[in-house]
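Asks: Next comes the sequence, and after it the predicted model I'd like to discuss.
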Amino acid sequence: MPASYAYLGPEGTFTEVALRTLPEAATRELIPYVSVQSALDAVRAGEAEAAFVPIENSVEGGITTTLDELVAGEPLMIYREVLLSITFALLVRPGTRLTDIKTVSAHPAAQPQVRNWLRANLPEATWESAASNADAARLVQEGRYDAAFAGEFTAARYGLEALETGLHDAENAQTRFVLVGRPARPAAPSGADKTSVVLWQRDDHPGALRDLLGEFASRGINLMLLQSRPTGAGIGNYCFCIDAEGHIADRRVAEALMGLRRICLQVRFLGSYPRADIAPGGARPTLPGTSDEEFMAAADWVARCQDGRF
Ligand SMILES: O=C(O)C(=O)Cc1ccccc1
């Protein structure tokens, strides 16, 4: 297996900065790819050991290209997550003034994070989506667009200068990135983990979503992401991308997944991995009666009843 990680490039993306915070990245070759799809395809094709891509931000929610790639195609698994606080710089070719800017570019996920700033400062500028923020910077260098929203650190790589820095409509905007590889045994529980799954309903009926969510709720499992994505089978047909607290090795999580497997058309396990928002071991207590010991004691009691030994 090649010791390389694919990431959403080109060089100078926030994705690259987030990836470099992972200790394991220091021992891998980091290879930029032009899109989330191509980075994940490199993993599926066995060209890269894993891919590092953005998956969610605190302003707009899930990054749909990434979710859709994980929902469909050859199964992949999330190994790790990283959270990065994001502020943008407005990058231009040296000498460009604010009044010269007619076109601005960035990754689509950047737009809702700078929309108010644009309305107040460049109301006439046309938005052009790019494959990533660093790609937008590259296109500004080539003269295709007048300005790019990207990291301040991206300027030097593309011979640009930052006309404005610290741009963010929402205080403390964060983006979540994930390291995705081929299915493997999840790392052992860290004491503060998250489990990601995709659920497809078996049929449409009143309360169908409530039934799915009930499998988590009754076992005291908090949800951290719920995003519906169209299945492509017509209006009203959705699957659900869910992040739940806990690890598949936790009895309550395993039991919830078993419950879902029984009532759903399909369940895709996307991995159990350490949470980036709290330290290992720092997970909150769950609902009384949902610890591993309590599940095991209950299973033992049922076994004794079945044996007539109660
Ligand atoms: O990593 C990048 O630079 C990207 O283009 C993805 C992205 C978009 C918006 C905020 C953070 C990351």
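Replies: Thanks, I have the structure now. Worth saying up front: this structure is predicted, and the values here are computed from it rather than measured.

Asks: Does residue 134 belong to a helix, a strand or coil?
Replies: Put simply, residue 134 is helix when judged by DSSP: H, G, I helix; E, B strand; the rest coil.

Asks: what sits against it?
Replies: Residue 134 makes contact with 9-13, 16, 150-151, 154, 157-158, according to C-beta atoms under 8 Å, 6 or more residues apart in numbering. Using the backbone N, CA and C atoms, a C-beta is placed for each residue, glycine as well.

Asks: Distance check, the residue lying closest to it once chain neighbours are set aside against residue 227.
Replies: Counting by C-beta to C-beta, 6 or more residues apart in numbering, the nearest residue to residue 134 once its immediate chain neighbours are dropped is residue 12, at 3.9 Å. Look at residue 12 and residue 227: by C-beta to C-beta, to the nearest Å, they are 28 Å apart.

Asks: More neighbours: which of these two?
Replies: residue 12 (24 against 18; other C-beta atoms under 10 Å).

Asks: returning to what we had before: so the residue nearest to residue 134 sits in a helix?
Replies: No: judged by three-state DSSP, residue 12 forms no part of a helix; its state is coil.

Asks: Against the ligand, how distant is it?
Replies: Per C-beta to the nearest ligand atom, to the nearest Å, residue 12 is found 8 Å from the ligand.

Asks: so that residue touches residue 148, yeah?
Replies: No: applying C-beta atoms under 8 Å as the test, residue 12 and residue 148 come out as separate, 10.3 Å apart.

Asks: Could you name every residue contacting both of these two?
Replies: Common neighbours of residue 12 and residue 148 (C-beta under 8 Å, 6+ apart) are 137, 154.

Asks: What about the closest residue to residue 97 other than its chain neighbours? Give its phi and psi, please.
Replies: Ranked by C-beta to C-beta, 6+ apart and with sequence neighbours excluded, the top spatial neighbour of residue 97 is residue 163, at 7.9 Å. Note on residue 163: backbone dihedrals following degrees, to the nearest 10 are phi -80, psi -30.

Asks: From here on, call the first residue 29.
Replies: Okay, using 29 as the starting number, the last item reads as residue 191.

Asks: What subset of the contacts of residue 162 is buried?
Replies: Taking 16 or more other C-beta atoms under 10 Å as the criterion, what is buried in those is 37-38, 40-41, 44, 178-179, 182, 185-186.
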